[in-house]
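K.L.:
sequence plus the predicted model coming up.
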Amino acid sequence: NTFRAVIGVLDIYGFEILQTNSFEQFCINYCNEKLQQLFIELTLKQEQDEYQAEGIAWSPIEYFNNKIICDLVEARPNGIIASLDEESIRPGDKSDATWLDKMRTTFNTHKHFKTRTGPQDRSLPEGTFKLIHYAGEVLYTANGFMDKNTDTLFKDLSRLMFKSSNAILREQFPE
């Protein structure tokens, strides 16, 4: 008999901080931010709450709760992703620059969001914003966010199903 043991390792510190950070790094870093939040919630917060509820003597562990950063990114209707989605579908002139301007207005007082305050502000490169993640500061280039956020899978899938040789599928996905 052979016994096989497996150890799984989850790297919750897989942040990407590259020379140029775009939509892809934003998504990767957001996922890592959520993993960190889950880790904090399940490992630190719940355990400490349980110790307290059971009256167990222990020394509290201080930690940074990154919920504030997750909320900045994912909150509906006022988070970064919601604002990107809204800007992507609205009619009229839209661009990465207009989206960045809206974020500047919406998040200008958030302590984990930074961008230029105007044309004379040279604290960050033009067309960028900075998020202060739990793992560090990341400067993102807004250029390309709008295009990369446009999901054409449904349209492509609908076209494919409409051209199917199966009548039931064609009926479910009219052109």
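P.N.:
Cool, got the structure. Residues are numbered from 1 along each chain as shown.

K.L.:
buried residues in the host helix or strand of Leu160?
P.N.:
When secondary structure is defined using DSSP states H and E, the element that contains Leu160 is helix 153-162. For helix 153-162, the neighbour count (16 or more other Cβ atoms under 10 Å) marks Met161 as buried. C-beta here means a position set from N, CA and C on the backbone, and glycine is covered the same way.

K.L.:
keeping just the C-alphas, turn that helix into PDB.
P.N.:
Output for helix 153-162, consisting of C-alpha atoms alone and laid out as PDB, is shown next (Å, rounded to 0.1, in the frame of the first residue of the first chain):
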ATOM      1  CA  LEU A 153     -19.300  36.600 -25.100                       C
ATOM      2  CA  PHE A 154     -23.100  36.900 -25.000                       C
ATOM      3  CA  LYS A 155     -23.300  38.500 -28.400                       C
ATOM      4  CA  ASP A 156     -20.900  35.900 -29.900                       C
ATOM      5  CA  LEU A 157     -22.700  33.000 -28.200                       C
ATOM      6  CA  SER A 158     -26.100  34.300 -29.500                       C
ATOM      7  CA  ARG A 159     -24.800  34.600 -33.000                       C
ATOM      8  CA  LEU A 160     -23.400  31.100 -32.800                       C
ATOM      9  CA  MET A 161     -26.600  29.600 -31.400                       C
ATOM     10  CA  PHE A 162     -28.700  31.400 -34.100                       C
END
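
K.L.:
that one packs against which elements?
P.N.:
Other helices and strands packing on helix 153-162, by 3 or more Cβ pairs under 8 Å, 6 or more residues apart in numbering; DSSP states H and E, are helix 167-172.

K.L.:
show me how far the helix it packs on is from its chain's centre.
P.N.:
Put simply, helix 167-172 sits 36 Å off its chain's centre (Cα atoms, centre = their mean, to the nearest Å).
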